[in-house]
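J.: The following comprises the amino acid sequence and a computationally predicted model.
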Amino acid sequence: MPLDRPDPVSPAPSARPRRVFVLGATGTIGRATVRALQRRGHEVVCFVRPQTGADSVPWPEGVERRFGTVTDPASLARDGFGGEPFDALVSCLASRTGVPGDAWAVDHRAHVDALEAARRAGVSQVVLLSAICVQKPVLAFQHAKLAFEKVLVESGLAWSIVRPTAFFKSLSGQVERVRRGRPFLVFGDGTLTACKPIGDDDLAEYIADCLDDSSRQNRILPIGGPGEAITPRRQGEALFALLGRPARFRSVPVAMLDAIVAVLGGAGRVLPALAAKAELARIGRYYATESMLVLDPATGRYDAAATPQTGTQTLFEHYARLLRGEAVAERGDHAVF
Ligand SMILES: NC(=O)c1ccc[n+]([C@@H]2O[C@H](COP(=O)([O-])OP(=O)(O)OC[C@H]3O[C@@H](n4cnc5c(N)ncnc54)[C@H](OP(=O)(O)O)[C@@H]3O)[C@@H](O)[C@H]2O)c1
């Protein structure tokens, strides 16, 4: 669990504080979003599952936590909304694995059910954390997310679909190995992809502001962090520079991932247990070869200049904090290294 960053400068309180029902409040962005909503003076009620993250997460005072099963519509209504009125639904809920069964149950079905329960509770506005990668859907979890995005867009409620680029946790998996003297691993020459990393609190502020900013309503919102797009090679160079050491890279061929995907994909057709591993390998290959930037549909190319940015937190500041022990690396579920 990362040590939380000191609160960013307090935003202005919302002109219209609301009663907000939050899903995914124990996740990386969910935790930050709860804080951001609270800072704006909203009344925040979180619906979490009892058996996992909830108990290990320090819970902010004044934020109500309700326990139940998000994948069970009866529990959502009874243990979650509880027959009470709410103004808005904010969801940072997402499958932790991305494998097909979990993705369709969580990223799609649970959201469809939550939307219905929210509507019955009087909710008129929904903010959904999605992902920029759904613009080029290949993987099961991307299709599941898109299927719910469509339901939300057609719901008749006010909606904001936030599609961020890469989170810091997904780009920090090698900090410890490099600190211990190992080379930084890259696919190809380390410039196959690029992204504009976004900090947890910066993204949370952006999500929370969707409630009040009408220009962010009924819109799909790709969003990255400040500064130029960064390649994996640049990440490695920055890390070595922070350590005061010459940069050392080891190149891994994408063909190796292709071979793993092919072998697991074939075996997964016979042994169902391997089908999930095959999907995880496909997810790894996707992130090794696709940039997390706005895709220009006309050219089929990723466009850093067209990728909007927000906030002040940078990945390299985050690396520095990790190296100083002021933050603890939280492993990105789909990080390859
Ligand atoms: N990682 C990246 O770089 C990146 C970049 C862009 C977009 N995204 C998108 O951001 C979203 C994930 O954000 P994140 O990293 O904050 O997520 P996360 O840390 O993995 O948190 C997921 C949240 O969903 C909850 N959840 C998952 N399955 C559940 C279930 N079956 N029942 C109840 N709760 C469940 C988790 O609860 P528990 O704590 O109980 O497990 C947790 O609160 C995804 O949509 C992802 O595609 C990620």
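T.: Done, it's in.

J.: Beyond whatever helix or strand Gly101 lives in, next helix or strand please.
T.: Gly101 belongs to helix 100-103 when assigned by DSSP states H and E. Counting by DSSP H and E, the next helix or strand C-terminal to helix 100-103 is helix 111-120.

J.: For the protein, what lies in contact range of the ligand?
T.: Contact residues (Cβ under 6 Å from any ligand atom) of the chain with the ligand: 24-30, 49, 52-53, 70-71, 92-96, 106, 129-131, 164, 166-167, 170, 332-333. All C-beta atoms are positioned from the backbone trio N, CA, C, and that covers glycine.

J.: which of those count as buried?
T.: With burial judged by 16 or more other Cβ atoms under 10 Å, the buried subset of the residues of the chain next to the ligand is 24-30, 53, 70, 92-95, 106, 129-131, 164, 166-167, 170, 332-333.

J.: Sitting in strands, which of those residues do you find?
T.: Of those, the ones assigned to strands by DSSP state E are Leu129, Pro164.

J.: What residues sit buried inside stretch 260-270?
T.: Neighbour-count burial for stretch 260-270 flags Ile260, Val261, Leu264, Gly265, Gly268 (criterion: 16+ other Cβ under 10 Å).

J.: for the helix or strand that the fourth one is a member of, the distance to its chain's centre please.
T.: Think Gly265. Gly265 is part of helix 254-270 when elements are defined by DSSP H and E. In this view, helix 254-270 has its centroid 26 Å away from the chain centroid, taken as Cα atoms, centre = their mean, to the nearest Å.

J.: what's next to it, contact-wise?
T.: 187-188, 192, 274-278, 281-282, 284-285, 288-289, 336 (Cβ atoms under 8 Å, 6 or more residues apart in numbering).

J.: cool, and stretch 116-129?
T.: 21, 24, 29-30, 33, 73, 76-77, 80-81, 83-94, 111, 115, 148-149, 152, 155, 157-162, 164, 203, 207, 210-211, 217.

J.: hang on, the earlier thing: out of the buried residues of stretch 260-270, which comes closest to Leu322?
T.: Ile260 (28.3 Å; Cβ to Cβ).

J.: and the gap between the closest one and the ligand?
T.: Ile260 sits 21 Å away from the ligand, taking Cβ to the nearest ligand atom, to the nearest Å as the criterion.

J.: What are the buried residues along stretch 80-90?
T.: Within stretch 80-90, the residues that qualify as buried are Gly80, Phe81, Phe86, Asp87, Ala88, Leu89, Val90, counting by 16+ other Cβ under 10 Å.

J.: helices and strands of the protein: which one bottoms out on pLDDT?
T.: Using mean pLDDT, DSSP states H and E, the weakest-scoring helix or strand in the chain turns out to be helix 254-270, at a mean of 88.

J.: before we move on, back to that, buried residues, the helix holding Gly101. List them.
T.: The neighbour-count check on helix 100-103 (16+ other Cβ under 10 Å) flags Pro100, Asp102, Ala103 as buried.

J.: Tell me who's in contact with the closest residue to Trp104 other than its chain neighbours.
T.: Spatially, and ignoring its direct neighbours in sequence, Trp104 is nearest to Ala144 (4.8 Å; Cβ to Cβ, 6 or more residues apart in numbering). Contact analysis of Ala144 by Cβ under 8 Å, 6+ apart lists Ser95, Pro100, Ala103, Trp104, Val106, Asp107, His108.

J.: Wait, the second one touches Leu280, no?
T.: Okay, so that is Pro100. No - Pro100 lies out of contact with Leu280 (Cβ atoms under 8 Å); the separation is 10.9 Å.

J.: The helix holding Gly101 - contacts with which helices or strands?
T.: Packing partners of helix 100-103 (3 or more Cβ pairs under 8 Å, 6 or more residues apart in numbering; DSSP states H and E): helix 140-153.

J.: List the buried residues for the helix it packs on?
T.: For helix 140-153, burial by neighbour count (16+ other Cβ under 10 Å) applies to Ala140, Phe141, Gln142, His143, Ala144, Lys145, Leu146, Ala147, Phe148, Glu149, Leu152.

J.: do stretch 116-129 as well
T.: Neighbour-count burial for stretch 116-129, counted by 16+ other Cβ under 10 Å, picks out Ala117, Ala118, Ala121, Val123, Gln125, Val126, Val127, Leu128, Leu129.
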